[in-house]
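Chemist: With the input below, show me the fold.
(chains A, B, C and D)
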There are 2 protein chains.
Amino acid sequence: MPFELILQNISKHINLTKEEQTFFVSLLHVKQVKRKHFILKEGEISKDSIFVTQGCLRGYTIDRDGSEHVLSFAPANWWIGDMYSLFTQQPGTMNIEALVDTDVLTLSRTDQEKLYKEVPTFERFFRIIIEKSLVSSQQRIIDNFSLTAEERYHKFCKRYPELIETVPQKQIASFIGITPEFLSKLRGRTHSGK
Amino acid sequence: MPFELILQNISKHINLTKEEQTFFVSLLHVKQVKRKHFILKEGEISKDSIFVTQGCLRGYTIDRDGSEHVLSFAPANWWIGDMYSLFTQQPGTMNIEALVDTDVLTLSRTDQEKLYKEVPTFERFFRIIIEKSLVSSQQRIIDNFSLTAEERYHKFCKRYPELIETVPQKQIASFIGITPEFLSKLRGRTHSGK
DNA sequence: CGTCTATTTGAATGTACTCAAAAGCGGTGG
DNA sequence: CCACCGCTTTTGAGTACATTCAAATAGACG
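Modeler: Reported below is the predicted structural model:
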C-alpha cells in the first residue's frame, strides 16, 4: 500500500476512523518525479501540499545573483511545499526538485479545504505539522546567528544522518548557508584528525 | 474595551458568533508588564500564548557566549510565545521581556485546548497565524543567506517602520543578526548621503 | 568511455567581528 | 529640576571567518 506511510505519519498526531482514512486517501494523487525534474518552479502558483513516500526532494530559492539557497530537504515521510504561494495563491519563489527518483502524494489546496470541512480534525493535524516546522525554522535562525559554519555542519550531520549519503555536499553547504568550497575546507580540517 | 483589538485581529481570519466571542474572551487574562520586566524566562515551561494590546515585547535567546539573539518583536496587535516550550511543554530557551510598559492578554494552553474543543474554528485561526509566522520565518532565513547586513537593515526599516522609534538599535542589530557596533557603522555610511 | 558536474585546493579579498575608548542619552534620585 | 550614573551609540584599529576566483582532480551518469 502506498498510503500506509502517510496514514502512519498522520496517526502520530490525530486519530482517524476507517471512513475518514478512506476519504482522505481518496483525495490524494500519486506522482513520480524523476531525478532532476521539478514538481514546482518559481513563478508558479503552488496548488499542492506534497508528501514524500520514497526518494528525496529539495526546496530552494534563487537570489538576484543567481545563487541557490536550500530551504528544505524532504526525504521519505516528510511534507514539503511553498508555504507562501500555497497560502496566498500568489506566484511563489520556491523551486522543488527531485534529488533522486522520487514518489510523492499530493493534496490539492481545494481538496485540503474540503478535507477541513469534512474532517475538521485535519485542521489540527496541519496546525501541528506547521507548528513543528515553525519551531525548527526558528531554531535554524538562532543557529545561523550563534554557531560557526563548522558547528552548523556538525549539527546538520547529527540531525539528518540519512541525508549525508543522499545529498550532494554542495546542497548541504547551501542549506547551512555557506559556499561549497568552504564546506570542503571544513571537512578537510576535521577529518584529518579522525 | 480591551478586547476589541484581539477580536478584530481574529475576525480577519475567521467569523465568530457573539456567543463564541464571549466564550473566547472569558478565557483571556489581562496582564501588565512593566518596562524591562519579563513575562517568560529561559528554563521555564511556557503556559501561555500572548497577545499584545499595547506596548512592545521582545523574544530572545541567549547563546553559550552570553550573546542575545532577538527572535521576534511583538508590538500591539501581535502574538508572541515560545513555540517550542508551548508545544512540547518542556523548558524553553526564550526570554520574553517588555521594551516599554506593555499590556497583554494571555491564553493558557489548557484554555486553548478547551477553546479548540468548544469552537473548532479556532483550530483554523491558529493554524493560519502559525502559517504566516512560518512564511516570514522562512523568508528571514533566505534573507540572512542572500542579503548583506545593510540590505537586511533597510528591509527591516521598511517592514517594521513603527519599531524604529521604539526599539533600541542594539536590538534591531540583534534581530538582523549583526553586532550593534556594525549597525552603527552602516547607519553612519548611509545617512551621510541623505 | 566520455562528458559534465561535484569536490578539492590555494591565494587574495572582503564583510563583519572584537576590543577599546569616547561621546551621547535617558532615567532616577537627590 | 538638575546632576549623576548607567546604558546605548559612535568611532577606530586590528583581526577572523568565510567568500571569490581560478585551476586541478575526482566522480557520476548517460
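
Chemist: Can the longest helix anywhere in chain A be said to contact DNA strand C?
Modeler: When chain A is parsed with DSSP state H, its longest helix is helix A:121-146. No: Helix A:121-146 does not reach DNA strand C (Cβ under 7 Å from any atom of the strand); its nearest approach is 8.3 Å. Just so you know, the C-beta spots here come from the backbone N, C-alpha and C atoms, and that holds for glycine as well.

Chemist: quick one: that helix to helix B:121-146, angle?
Modeler: Angle of helix A:121-146 versus helix B:121-146, following axes from the mean of the first three to the mean of the last three Cα atoms, to 10 degrees, is 30 degrees.

Chemist: element containing A:Phe24, please.
Modeler: According to DSSP states H and E, A:Phe24 maps onto helix A:18-27.

Chemist: does that helix come close to chain B?
Modeler: No: Helix A:18-27 stays out of contact with chain B when judged by Cβ under 8 Å from any Cβ of the partner chain, the minimum separation being 14.9 Å.

Chemist: For that helix, which residues meet the burial criterion?
Modeler: Residues of helix A:18-27 classed as buried by neighbour count (16 or more other Cβ atoms under 10 Å in any protein chain shown): A:20-21, A:24, A:27.

Chemist: Equivalent analysis for stretch A:5-19, please.
Modeler: So for stretch A:5-19, counting by 16+ other Cβ under 10 Å, buried means A:5-6, A:9-10, A:16.

Chemist: same thing with stretch A:129-139?
Modeler: A:129-135, A:137-139.

Chemist: Repeat that for stretch A:145-161.
Modeler: For stretch A:145-161, by 16+ other Cβ under 10 Å, it's A:145-147, A:149-150, A:152-153, A:156.

Chemist: Who is A:Cys56 paired with across the strands?
Modeler: A:Pro75 (DSSP bridges).

Chemist: Any residues of chain A in contact with chain B? List them.
Modeler: A:61, A:63-65, A:67, A:69, A:71, A:83-84, A:87, A:116, A:120, A:123-124, A:126-127, A:130-135, A:137-142, A:144-146, A:177.

Chemist: Give me every residue in chain A lying close to DNA strand D.
Modeler: So far as Cβ under 7 Å from any atom of the strand goes, chain A lies against DNA strand D at A:35, A:148-150, A:177-179, A:181-182, A:185.

Chemist: related to what we said a few turns ago, out of the buried residues of helix A:18-27, which comes closest to DNA strand D?
Modeler: A:Leu27 (32.2 Å; Cβ to the nearest atom of the strand).

Chemist: Now do the same for that closest one: its pLDDT.
Modeler: With respect to pLDDT, A:Leu27 scores 98.

Chemist: sorry, back to before: what's the spacing between the longest helix of chain A and its chain's center?
Modeler: 12 Å (Cα atoms, centre = their mean, to the nearest Å).

Chemist: and the angle for that helix with helix A:18-27?
Modeler: For helix A:121-146 against helix A:18-27, the angle by the same axes, to 10 degrees is 60 degrees.

Chemist: after helix A:121-146 comes which helix or strand?
Modeler: helix A:149-159.

Chemist: next helix or strand past that next one?
Modeler: Trace forward from helix A:149-159 with DSSP H and E and the next one is helix A:161-166.

Chemist: buried residues in that next one?
Modeler: Using 16+ other Cβ under 10 Å as the test for burial, helix A:161-166 gives A:Leu163.

Chemist: Also stretch A:48-67?
Modeler: Quick answer for stretch A:48-67 (16+ other Cβ under 10 Å): A:48-53, A:55-61.

Chemist: on that earlier part again, among the residues of chain A next to DNA strand D, which pair sits farthest apart?
Modeler: A:Arg35 and A:Thr148 (33.0 Å; Cβ to Cβ).

Chemist: hang on, the earlier thing: of the buried residues of stretch A:145-161, closest to B:Ile172?
Modeler: Using Cβ to Cβ, these come closest to B:Ile172 at A:Phe145, 13.6 Å.

Chemist: ok, now which ones touch the closest one?
Modeler: Counting by Cβ atoms under 8 Å, 6 or more residues apart in numbering or on different chains, A:Phe145 touches B:63, B:69, B:177.

Chemist: and of the residues you listed, the nearest to DNA strand C?
Modeler: Taking Cβ to the nearest atom of the strand as the measure, DNA strand C lies nearest B:Gly177 of those, at 6.4 Å.

Chemist: Not counting its neighbours along the chain, what's nearest that closest one?
Modeler: Closest residue in space to B:Gly177, ignoring its immediate chain neighbours: A:Phe145 at 4.8 Å, by Cβ to Cβ, 6 or more residues apart in numbering or on different chains.

Chemist: any idea how far A:Gly177 is from that neighbour?
Modeler: 11 Å (Cβ to Cβ, to the nearest Å).

Chemist: Ok, A:Lys132 next?
Modeler: 21 Å.

Chemist: Now do the contacts for A:Asp65.
Modeler: B:Ser146.

Chemist: In three-state terms, how would it be classified?
Modeler: Here A:Asp65 is recorded as coil under DSSP: H, G, I helix; E, B strand; the rest coil.

Chemist: before we move on, back to that, looking at the contacts of A:Phe145, which is nearest DNA strand D?
Modeler: Nearest to DNA strand D among the contacts of A:Phe145, with distances taken as Cβ to the nearest atom of the strand, is B:Gly177, at 12.2 Å.
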